[in-house]
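Novice: Fold the following for me, if possible:
(one chain, ligands or ions: 2)
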Amino acid sequence: MPTLTLNPPHIIIDFDSTFTKVEGLDELAAIALTGHPQREKIVQEIADLTNMGMNGEMSFSEGLHKRIDLLKANRANIEELVSFLKTKVSDSFQRNKQFLTENADHIFIVSSGFKEFIIPVVTELGLRADHVYANEFRFDEEGNIIGIDEENVLSTDGGKIKLLSSLKLEGEVYAIGDGYTDYQIKEAGFANRFYAFTENVERPKVVAVADHIATSFDDFLYDNKLSRSQSYPKSRIKVLLLENVHPVALRAFEEQGFNVEFVKGALDEDELCERIKDVSIIGIRSKTNITKRVLENANRLMAIGAFCIGTNQIDLEAAAEKGIAVFNAPYSNTRSVVELAVGEMILLIRNIVTKSNQMHAGIWDKSANGSFEVRGKKLGMVGYGSIGTQLSVVAEALGMEVYFYDEVEKLSLGNARKVNSLEELLSVADVISMHVDGRKENANLIGKREFSLMKDGVIFMNLSRGHVVDIEALAEAVKSGKVAGASVDVFPKEPKTNDESFESALRGLPNVILTPHIGGSTEEAQENIGHFVPSKLLEFMNNGSSYGSVNFPEVQLPKLKDSHRLLHIHANVPGVLAKLNNIFAKNNINITGQYLKTNEKIGYVIVDIAKGYTEEFIQEVKEVEGTIRFRMLY
Ligand SMILES: NC(=O)C1=CN([C@@H]2O[C@H](COP(=O)(O)OP(=O)(O)OC[C@H]3O[C@@H](n4cnc5c(N)ncnc54)[C@H](O)[C@@H]3O)[C@@H](O)[C@H]2O)C=CC1
Ligand SMILES: O=C(O)CCC(=O)C(=O)O
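Specialist: Numbering: from 1, shown residues only. Ligands and ions are numbered 1, 2, ... in the order given. Got it, this is the predicted structure:
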């Protein structure tokens, strides 16, 4: 961790919406007016006044007095507010408690808020009570707020400037805040630099006049080469989450301070080529294609999270060649697909879709014709992986005979029978269910010829990938009666968002269940995926571990302790490790741990070194022939 400079700057920090995520007075009003019939209206009025003041659109003093008049609060409310504010300290200030404590002598809170709630909050993070400059309430005998200390310069227009003028700070002074009045400290010449703090709110008018936009306190500390909790501020690392991944994923990244953008739908190639340029981590589901062209535009990209099982939508090889690790959730939605397949199989074999549609049209057709039990029927699965094997167990429990064909040698579970060819499977099964992966070679695995090999009146299901089945051939097979019922969840061309319409030759066919690629879309699965994939991505980013990656050499690393960790990704050519070790030896660098894993394309070397290195050493490491990417963790 870089050390503090000899003459540390004086740091002036605003409180509301900077040190804490919220505005103290607004929250005090919300607490005090609990149960009041006009609560929402008054709280909103106070918030509007706060914003006008922050944006420099209203005289500060006028706004403050108006807010106090609206506020009907007392001492007990302040106590409640303090407990609340302690939970609302901005994440990056919380992370840097050590810096705040060690540098308390140079740090001042200068706020238009009130000492009564500011002091208890900031002193908990090691700051000095006598370095808090803020307003003070006036109370009546019952403890009700009846006004403010009018003598306090901070209650007047230009209060922060007057206060700074009286402080007479010598040396460098940096002001950090989200409001215009924080900028005015610099404008008046009492700060050398103004940092617009945008972790909680971003005010365009304030950002426009800033010397630097501090996306977090780590960002401020990084900009000034001061000691901090994050080697590189995560607020500078952009995460793009597409396709409406579960909100827990968003929270996982935000809690660590990443700059996260959340998009509900998928993006097409052109859009993605543009949007990906400044992105370091991207999260997608099945509809976003990360092609070679997209990757060519992705020069900051370090990791891709597929919030699903399939990764056929990603050019895994091109990603590896660029040193980009790809992770997925190989088991989180398996059960959801299996349950849907079981449900659909029963509905189809009983001809329930037709019956239900008839009922909606007012037709009562009570008959057993064409309705069967699944018990005793032969289920044939193409692909006996995670989903195929789970379905096999559940189908046997329903009394079905299970057959499977997998191109890889697989052990059968229960009484499932392996067959030796696709043709054999197609000819034996009453119900056929597709569970292969989406590799290119599986395009049109089931077409006209394959349907002709199936039993008459077969039930056919595809919950794997759209291109695996020739849709026109399936439509023909349904129309001819060869296929008595079908369920299809995945399509060669799927709408990118819920606003686009769905076109298919299967629309309107009898006893055909069509679902919008929701095999894995259950609350449980999505939440599990939302936890699992970010945990893999964060481990890779924070620790270097690539365990579970689908395209990267897999390494599970110990936690980093009192060392620097160098992560070196290179083309898998002979001699790279020897070259790296030569550089370590030449620079007298003490290695405390070293790990190497390769695959056919790339090598991944992780070296933990005792602290102390030079910029020249880092440069030499980066220049080793074959280096694809190099990064360093504390
Ligand atoms: N509808 C949905 O929402 C979902 C769809 N899926 C799809 O289901 C697929 C399967 O998932 P898992 O079982 O977890 O994958 P898996 O990788 O565990 O199993 C796939 C199996 O298919 C076999 N296979 C591949 N091509 C084959 C071929 N031509 N002939 C015979 N066997 C072949 C493989 O050897 C493997 O055993 C995923 O790749 C994904 O595309 C997965 C989850 C949700
Ligand atoms: O939920 C999704 O968007 C995709 C599910 C899927 O197809 C998969 O997990 O492979």
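Novice: So which residues on this structure come close to ligand 2?
Specialist: Within the chain, the positions adjacent to ligand 2 are Arg285, Ser286, Cys308, Ile309, Gly310, Asn333, Gly520, Ser521 by C-beta under 6 Å from any ligand atom. Bear in mind the C-beta positions are built from the backbone N, C-alpha and C, glycine included.
Novice: List, one by one, the residues from the chain near ligand 1.
Specialist: So the chain meets ligand 1 at 309-310, 333-334, 337, 382-388, 405-408, 435-438, 442, 445, 463-465, 489-490, 517, 519-520 (C-beta under 6 Å from any ligand atom).
Novice: now, the most widely separated pair of the residues of the chain next to ligand 2?
Specialist: Gly310 and Ser521 (13.6 Å; C-beta to C-beta).
Novice: relative to its centroid, which residue of the chain is most remote?
Specialist: Relative to the C-alpha centroid of the chain, counting by C-alpha atoms, centre = their mean, Ser367 is the outermost residue, at 51.6 Å.
Novice: residue boundaries of the helices in the stretch 1-150 of the chain?
Specialist: 24-32, 39-54, 60-70, 75-86, 91-95, 97-102, 115-123 (DSSP state H, counting those that start in this stretch).
Novice: Buried residues of the fourth one, list them for me.
Specialist: So that's helix 75-86. Asn77, Ile78, Glu80, Leu81, Val82, Phe84, Leu85 (16 or more other C-beta atoms under 10 Å).
Novice: excluding its backbone neighbours, what's nearest Gly544?
Specialist: Nearest residue to Gly544, sequence neighbours excluded (C-beta to C-beta, 6 or more residues apart in numbering): Leu567, at 4.7 Å.
Novice: Asp16 too?
Specialist: Glu23 (4.5 Å).
Novice: How about Phe99?
Specialist: Nearest one to Phe99, counting by C-beta to C-beta, 6+ apart, is Ser227 at 5.8 Å.
Novice: my guess is that neighbour is in a strand, correct?
Specialist: No: assignment of Ser227 by DSSP: H, G, I helix; E, B strand; the rest coil gives coil, placing it outside any strand.
Novice: Can you tell me how far it is from Thr101?
Specialist: Ser227 sits 11 Å away from Thr101, going by C-beta to C-beta, to the nearest Å.
Novice: If you count surrounding residues, which of the two has more?
Specialist: Using other C-beta atoms under 10 Å as the criterion, Ser227 and Thr101 rank with Ser227 on top: 15 against 12.
Novice: hmm, back to that, buried subset of the residues of the chain next to ligand 1 as a ChimeraX selection?
Specialist: Selection of the buried residues among these in ChimeraX, burial being defined by 16+ other C-beta under 10 Å:
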select :309,310,333,334,337,382,383,384,385,386,387,388,405,406,435,436,437,438,442,445,463,464,465,489,490,517,519,520
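Novice: Tell me the predicted confidence for the residue of the stretch 51-200 of the chain found nearest ligand 2.
Specialist: Of all residues in the stretch 51-200 of the chain, Asp91 sits closest to ligand 2, at 29.7 Å by C-beta to the nearest ligand atom. Looking at Asp91, its pLDDT reads 92.
Novice: Adjacent strands (with direction) for the helix or strand harbouring Gly283?
Specialist: Gly283 is part of strand 281-284, with elements assigned from DSSP states H and E. In the sheet, strand 281-284 lines up against strand 238-241 (parallel), strand 303-306 (parallel) (DSSP bridges).
Novice: Give me the residues contacting the first one.
Specialist: Contacts made with strand 238-241 from outside it, assessed by C-beta atoms under 8 Å, 6 or more residues apart in numbering, are listed as 249-250, 253, 258-263, 275-276, 278-283, 300.
Novice: Now restrict these to buried residues only.
Specialist: Buried among the contacts of strand 238-241 by 16+ other C-beta under 10 Å: 249-250, 253, 258-260, 262-263, 275-276, 279-283.
Novice: can you tell me the residue of the stretch 101-250 of the chain closest to ligand 2?
Specialist: For the stretch 101-250 of the chain, C-beta to the nearest ligand atom, closest residue to ligand 2: Glu243, 6.2 Å.
Novice: residue contacts, Phe552?
Specialist: Phe552 touches Ala320, Ala325, Val326, Ser546, Asn599, Ile602, Tyr604, counting by C-beta under 8 Å, 6+ apart.
Novice: now swap in Pro516 and tell me
Specialist: Asp489, Glu494, Pro495, Phe502.
Novice: do the same with Phe190
Specialist: Residues near Phe190 by C-beta under 8 Å, 6+ apart: Ile161, Leu164, Ser165, Leu169, Val173, Ala175.
Novice: Which pLDDT value belongs to the residue nearest to Ser535 when sequence neighbours are not counted?
Specialist: Distance criterion C-beta to C-beta, 6+ apart; nearest residue to Ser535, sequence neighbours excluded, is Ala252 at 7.3 Å. Ala252 is assigned a pLDDT of 96 by the prediction.
Novice: Repeat that for Thr3.
Specialist: Confidence at Thr3, expressed as pLDDT, is 41.
Novice: Repeat that for Gly53.
Specialist: Gly53 carries a pLDDT value of 78.
Novice: doesn't Asp157 make contact with it?
Specialist: No: counting by C-beta atoms under 8 Å, Gly53 does not reach Asp157; the two are 10.1 Å apart.
Novice: Name the residue in these two with the higher neighbour count.
Specialist: Applying other C-beta under 10 Å to Gly53 and Asp157 shows that Gly53 carries more neighbours, namely 22 against 14.
Novice: Identify the residues contacting the more buried one.
Specialist: Residues near Gly53 by C-beta under 8 Å, 6+ apart: Phe60, Gly63, Leu64, Ser112, Gly179, Thr181.
Novice: Kindly recompute the last result at 10 Å.
Specialist: Ser59, Phe60, Ser61, Glu62, Gly63, Leu64, Lys66, Arg67, Ser112, Gly179, Tyr180, Thr181 (C-beta atoms under 10 Å, 6 or more residues apart in numbering).
Novice: For the stretch 101-250 of the chain, which segments count as strands?
Specialist: 107-114, 132-135, 137-139, 145-148, 173-177, 193-197, 212-214, 238-241 (DSSP state E, counting those that start in this stretch).
Novice: in the longest helix belonging to the chain, what's buried?
Specialist: When the chain is parsed with DSSP state H, its longest helix is helix 523-543. For helix 523-543, burial by neighbour count (16+ other C-beta under 10 Å) applies to 525-526, 528-530, 532-534, 536-543.
Novice: helices or strands next to that helix in the packing?
Specialist: strand 238-241, helix 247-255, strand 281-284, strand 303-306, strand 325-327, helix 334-349, strand 563-571, strand 627-633 (3 or more C-beta pairs under 10 Å, 6 or more residues apart in numbering; DSSP states H and E).
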